[in-house]
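Student: Mind looking at a prediction? Sequence and model below.
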Amino acid sequence: MLQDTWVWDGRNWMEFNVPGPGKRFMHAMCYDRARNRTVLYGGSDGTQTLADTWEWDGRQWKQIT
């Protein structure tokens, strides 16, 4: 499992070294076109089931409730 964030600018991939959600798998992600945000929900870190929600705005991750 990795904990990195990569962004595609239409030509190249760029890695962003920013704090955000912890390592996980089996999570769900979708793009909210109206708000221009990528939303991540839940998953597992290998020891527990996660039920947290995060948003990526293109610059930073923010945990939301």
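Tutor: All right, it came through fine.
Student: Show me the strands in this structure, by range?
Tutor: Assigned by DSSP state E, the chain shows strands spanning 5-8, 13-16, 28-32, 37-44, 49-56, 61-64.
Student: Show me what the first one is packed up against.
Tutor: I take that to be strand 5-8. Counting contacts by 3 or more C-beta pairs under 8 Å, 6 or more residues apart in numbering; DSSP states H and E, strand 5-8 is packed against strand 13-16. To be clear about C-beta, it is placed using only N, CA and C from the backbone, and glycine gets the same treatment.
Student: Please identify the pairing partners of the strand it packs on and their relative orientation?
Tutor: Counting by DSSP bridges, the strands paired with strand 13-16 are strand 5-8 (antiparallel).
Student: mind checking how far the partner strand is from the chain centre?
Tutor: 10 Å (C-alpha atoms, centre = their mean, to the nearest Å).
Student: same thing with stretch 45-53?
Tutor: Centre to centre, stretch against its chain (C-alpha atoms, centre = their mean), the figure for stretch 45-53 is 13 Å.
Student: Then stretch 56-65?
Tutor: Counting by C-alpha atoms, centre = their mean, stretch 56-65 comes out at 8 Å from the chain centroid.
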